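Student: everything below, folded, please.
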Amino acid sequence: MKLLSIIVPIYNVEKYLATCLDSILSISVEKDLYEVILINDGSSDRSADIAQKACWSNSNVTFYSQENRGLSAARNHGLEKAKGKYIWFVDSDDYIESHNIDRILNIMMSNDDIDIIMGIHNYVNPHFSKVINDNVANPGEIISGKDALLNGYNPGGVWRLIYKRSFLANNNLDFYVGISREDVEFNLKTMTFAQKVFVTDIIIYNYIKHINTLTTATTRKGLYFNISSDIVVHNSIIKFAQEIKDKELRLNLTKRVNSIVFGLLLNLIRNKDPLIDLSFKRQLISEMHDNGVYPLKGPFLSKKSYFLSKILNIEFVLQLLLKYL
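Tutor: Numbering: from 1, shown residues only. Alright, predicted model coming up:
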């Protein structure tokens, strides 16, 4: 068995893919220890050619293609093909911190019962870069996912975490297809089930802030898809939380996703993007109505959100704010 499966979804990233793959294939361990699974999600540029060349020249790289079905479906496809003890999802327009991954593999070999390994990352944009460490425990500590959530951990990009494959399989964890906030939905569930999360201060990843990539919307349709996905995440996690017996954890999840929808509405009011005009905002409010997330419902993560929600739930006030702010 391979120790690690690195799953890389690919969609129209010919500018960045070679850098991503070079970083993965530069890991300073024997290639027998890890596999790289490339999933081409219907790219129309040269991405598939670049990926296939990497496959031909590296015995631990496999390449698959599917019709364009989105990031979640590509990751799920990779999960079906993976054989490694652990799974790492890497986005094809970023790159990993190659020289640190041997330390992660040592953790895997030294701890047989870890559900999730938590790393840190560099945030890089055209103007600056900085290390992001939002872990909620000391390096080397093993905590539960519940403790991480209750201590304020905010699950975001899945590339910050490395998951035991059997842990995902045993809890039927995969990605919600057809939304753009799949990482949040996925990680709220994984943290709920995780009994042992190994916290590190190891920089494993470089998140690059690009324009016009997998997660950046520049059209009205794309923006609407991204924003409305918060509604889907809310309803998915509320349904999921109803099955959780732990009252403290259930309340935490409920507060989190209620706060996500509160933030959606507040950002909609404040947003100055010319693509997000009044008709766009009203259409989204209508969708919130139809999906039962407006009027806003508590509890929330903060008292301020609770009091503001009372004001925003007055529809006449909301319409004035949408129109004039």
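
Student: for the rest of this, base every contact and every neighbour count on C-alpha atoms.
Tutor: Noted.

Student: quick one: pLDDT of the closest residue to residue 82 other than its chain neighbours?
Tutor: Spatial nearest neighbour of residue 82, chain neighbours left out: residue 5 (5.9 Å); criterion: Cα to Cα, 6 or more residues apart in numbering. The predicted structure scores residue 5 at 98 on the pLDDT scale.

Student: same question for residue 125.
Tutor: In this prediction, residue 125 carries a pLDDT score of 89.

Student: measure it to residue 159 for me?
Tutor: Using Cα to Cα, to the nearest Å, residue 125 is found at 17 Å from residue 159.

Student: higher neighbour count, these two?
Tutor: When neighbours are counted by other Cα atoms under 10 Å, residue 159 comes out ahead of the other of residue 125 and residue 159, with 23 against 12.

Student: just say helix, strand or coil for the more buried one.
Tutor: Following DSSP: H, G, I helix; E, B strand; the rest coil, we place residue 159 in the helix state.

Student: that one is in contact with residue 92, isn't it?
Tutor: No: with contact defined as Cα atoms under 8 Å, residue 159 does not count as touching residue 92 (10.9 Å).

Student: low-confidence regions, this structure specifically.
Tutor: 211-217 (pLDDT under 70).

Student: list the contacts of the most centrally placed residue in it.
Tutor: Closest residue to the average C-alpha location of the chain: residue 183 at 2.3 Å, with Cα atoms, centre = their mean. Taking Cα atoms under 8 Å, 6 or more residues apart in numbering, we find residue 183 in contact with 155-158, 175.

Student: quick one, which of these are buried?
Tutor: The neighbour count (16 or more other Cα atoms under 10 Å) marks 155-158, 175 as buried among the contacts of residue 183.

Student: and stretch 267-282, which residues are buried?
Tutor: Within stretch 267-282, the residues scored as buried using 16+ other Cα under 10 Å are 268-269, 276, 278, 280-282.

Student: which of those fall within helices?
Tutor: Those of those mapping onto helices are 268-269, 278, 280-282, per DSSP state H.

Student: quick one on the thing from earlier: of the contacts of residue 183, which is the nearest to residue 33?
Tutor: residue 158 (21.4 Å; Cα to Cα).

Student: so how far is the helix or strand containing the residue nearest to residue 82 from its chain's centroid?
Tutor: Per DSSP states H and E: residue 5 is located in strand 4-10. With Cα atoms, centre = their mean, to the nearest Å as the basis, strand 4-10 stands 14 Å off its chain's centre.

Student: and it, what does it pack onto?
Tutor: Judged by 3 or more Cα pairs under 8 Å, 6 or more residues apart in numbering; DSSP states H and E, strand 4-10 is in contact with strand 34-41, helix 71-81, strand 86-89.
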